[in-house]
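**Q** just need the structure, nothing else, for what follows:
(2 chains)
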Amino acid sequence: MKITVDEDKCCGAGQCVLIAPEVFDQRDEDGIVVLLDASPGEEHHDAVRESAQVCPTAAITVDEDA
Amino acid sequence: MERDHEKVLDYPIPAPSALEPPQEWERLRSGCPVARVTLPSGDEAALVTRYEDVKRLLADPRFSRRLTGAGAARIAANESGGVFSSEMAASVPDGGEGHRRWRREVGTWFTAKRMTALRPGIRDMAEGLIDGMVEAGAPADLKAHLGFPLPVWVICDLLGVPESDRDRFSYWSDALLNLTRYTEEEVSAAQEEFFAYMSGHIERRRSDPGDDLLSALITGTTEDGAKLTDGELVGTGMGLLVAGHETTANMIGKMVAMLLSDRSRWERLVEDRSLVRTAVEEALRFDADSGIGLPRFVTEDTEVGGETVPAGTTVMCAMAAANRDTGEFADAGEMVLDRAPNRHIAFGAGAHSCLGQALARTELQVVLEVLLDRLPTLELAVPAGDLERVDGLAVGGLATVPVRW
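**A** Sure thing, here's the model as predicted:
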């Protein structure tokens, strides 16, 4: 799994951080998403998929095959 | 098939009971994706109810929530038009780079991490309020004892407003947002009082900054070195109050009522606290009375559900109807406590989706956890069918939430 985030799209809703805190964080200065781990272990995959699916601006892309 | 396009519905559409959706929604989603409606003001608007349509319109950067432009419909009959068209609403940038700057400046105060740090404080407030309710004895109105005070206390803390002024904030919030309960004079007076209070509060904070959001906004500068203007600061304070108070206050009452209306839901949560997060999301999705929805003023012809919506149309985006769309949600009419992913749009969608959603989620989760801990025997004190909706427009809610334990 390979994750990419689009900082320009991100609106700082924080859903990803609440669902997958080991993978996503938010910058202190503006609340924009920070990717902590672009290729997280399998135990995080469900949470990452959920984060991507519920992101209000579709700022998270998950490549399952990478 | 008759498409009923010429039939103009009165909006909002009545529902069979407080917790149930209007039967009309299903018909509109399946056969009339853009419906003509008459708003309480008498002005006409277009109602959009399908999940994909509502989501796309809300996220479309071309269209603004602002209803101050020529030709835009008024929501309510009073001259000021309430929260969506007030001058203060206009003081916060609603698009482009200005909005982006404002959003990031304020958004930094609503990150998931900061909200998690607020949890112990919110938990203490909830514990104290529940103590008061238990002391008063059953049956009690959970809305008056817990749902209504908690969010305004949290907002006042964020703005650095002292405890002694919480009641005034509560009143202003109600007057600015209710749209129907107060006279136009009362709404105007509340706006003026709030403006005067916030201007004074900003002055005091400027000379004596505290550890709160407003002080940080006053003293801080944005990434490009600019400061928020006084107008933006007052508008931000008002926005946080009206956006963060009644919405969450009513959602607490509706969430608890929905969970108790079929008590097996409550019992399942008492048994398994790991469901609290998804149960809160499902309550947000299942809420059939979230209010009138969000307006968008369409400034150029656009296609919605295969039809052209002409420039100059005021569209009402019905998120609650979209959240029941069977095209997006399996078992849309059921409350599924472990639903995941739950792509509900109770907080809107796109760049303007609710700034305070992490705060709302935190408050709802904490309130639910504390209630499950403290009052596992909680139940409704009246049949669910007897619950009544509050008389108001912008935000839906229950008039009272009678409970015993």
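
**Q** contacts, neighbours, all on C-alpha from now
**A** Fine.

**Q** what about residue A:62, neighbour count?
**A** Neighbour count for residue A:62, taken as other CA atoms under 10 Å in any protein chain shown: 19.

**Q** check contacts around it.
**A** A:1, A:2, A:3, A:4, A:48, A:49, A:52 (CA atoms under 8 Å, 6 or more residues apart in numbering or on different chains).

**Q** which of these fall in helices?
**A** Mapping the contacts of residue A:62 onto helices (DSSP state H) picks out A:48, A:49, A:52.

**Q** now narrow these to whatever sits close to chain B.
**A** The subset of those within reach of chain B, by CA under 8 Å from any CA of the partner chain, is empty.

**Q** of those residues, closest to chain B?
**A** residue A:49 (8.3 Å; CA to the nearest CA).

**Q** which residues in the stretch 151-300 of chain B form strands?
**A** Assigned by DSSP state E, counting those that start in this stretch, the stretch 151-300 of chain B shows strands spanning B:294-297.

**Q** ignore the last one, chain A
**A** A:2-5, A:24-26, A:33-35, A:60-63 (DSSP state E).

**Q** could you give the mean pLDDT of the last one?
**A** In this model, strand A:60-63 has a mean pLDDT of 98.

**Q** can you list the strands that that strand pairs with?
**A** strand A:2-5 (antiparallel) (DSSP bridges).

**Q** which residues does the strand it pairs with contact?
**A** Under CA under 8 Å, 6+ apart, the answer for strand A:2-5 is A:33, A:35, A:38-40, A:59-66.

**Q** max pairwise distance over these: which two?
**A** A:33 and A:65 (22.9 Å; CA to CA).

**Q** neighbour count winner among those two?
**A** Between residue A:33 and residue A:65, residue A:33 has the larger neighbour count (other CA under 10 Å), namely 26 against 6.

**Q** grab the nearest non-local neighbour of that one.
**A** Of all residues not flanking residue A:33 in the chain, residue A:26 sits nearest, at 4.4 Å (CA to CA, 6 or more residues apart in numbering or on different chains).

**Q** is it true that that neighbour touches residue A:18?
**A** No: if you go by CA atoms under 8 Å, residue A:26 and residue A:18 don't touch, sitting 10.5 Å apart.

**Q** which residues do the two both contact?
**A** Common contact partners of residue A:26 and residue A:18 (CA under 8 Å, 6+ apart): residue B:112.

**Q** wait, does the host helix or strand of residue B:104 contact chain A?
**A** Taking DSSP states H and E as the criterion, residue B:104 maps to helix B:96-107. Yes: on the criterion CA under 8 Å from any CA, helix B:96-107 is in touch with chain A at B:103, B:104, B:105, B:106, B:107.

**Q** next up, the contacts around the first one.
**A** Looking back up the chat, that one is residue B:103. For residue B:103, the contact set (CA under 8 Å, 6+ apart) comprises A:11, B:355.

**Q** wait, is residue B:45 part of a strand?
**A** Yes: Residue B:45: assigned to a strand according to DSSP: H, G, I helix; E, B strand; the rest coil.

**Q** tell me what it is bridged to.
**A** For residue B:45, the beta-bridge partners are residue B:37 (DSSP bridges).

**Q** measure it to residue B:32 for me?
**A** 14 Å (CA to CA, to the nearest Å).

**Q** check residue B:138 too.
**A** With distances taken as CA to CA, residue B:138 is found 46 Å from residue B:32.

**Q** again with residue B:399
**A** For residue B:399, the distance to residue B:32 - CA to CA - is 31 Å.

**Q** what is the neighbour count of residue B:97?
**A** Residue B:97 - counted by other CA under 10 Å - has 10 other residues nearby.

**Q** how about the residues of chain A by chain B?
**A** So far as CA under 8 Å from any CA goes, chain A lies against chain B at A:9-15, A:17-18, A:26-32, A:50, A:53-54, A:56-57.

**Q** got a PyMOL select line for the buried ones in those?
**A** Buried subset of the residues of chain A next to chain B, written as a PyMOL selection, criterion 16 or more other CA atoms under 10 Å in any protein chain shown:
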select buried, chain A and resi 9+10+11+12+13+14+15+17+18+26+30+31+32+50+53+54+56+57
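
**Q** so what's the residue count around residue 35?
**A** If you meant another chain, say so; for now it's chain A. Neighbours around residue A:35, by other CA under 10 Å: 19.

**Q** meant chain B actually
**A** Using other CA under 10 Å, residue B:35 has 22 neighbouring residues.

**Q** pLDDT weak spots in the chain?
**A** Unless you meant another one, I'm taking chain A. Along chain A, no part satisfies pLDDT under 70.

**Q** actually chain B
**A** If you take pLDDT under 70 as the line, chain B has these spans: B:1-6, B:77-92, B:178-180, B:221-226, B:392-393.

**Q** which SS class is residue B:315?
**A** Per three-state DSSP, residue B:315 ends up strand.

**Q** ok, now which ones touch it?
**A** B:45, B:46, B:47, B:48, B:295, B:296, B:297, B:298.

**Q** most neighbours among the residues you listed, which one?
**A** residue B:48 (29 neighbours).

**Q** so it versus chain A, what's the distance?
**A** 19 Å (CA to the nearest CA, to the nearest Å).

**Q** how many other residues sit next to residue 25?
**A** Let's take chain A. 24.

**Q** actually, chain B is the one I wanted.
**A** So residue B:25, with other CA under 10 Å, has 23 neighbours.

**Q** could you do residue B:7 as well?
**A** Residue B:7, neighbours per other CA under 10 Å, totals 10.

**Q** now do residue B:291
**A** Neighbour tally, residue B:291, other CA under 10 Å: 18.

**Q** would you confirm that it contacts residue B:390?
**A** No: applying CA under 8 Å, one finds residue B:291 not in contact with residue B:390, separated by 10.4 Å.

**Q** now the helices: where do they sit in the stretch 101-250 of chain B?
**A** B:112-136, B:142, B:149-159, B:166-178, B:184-207, B:213-219, B:230-244, B:246-261 (DSSP state H, counting those that start in this stretch).

**Q** between the ones you listed, which one is nearest to chain A?
**A** Nearest of the helices of the stretch 101-250 of chain B (CA to the nearest CA): helix B:112-136, 5.2 Å.
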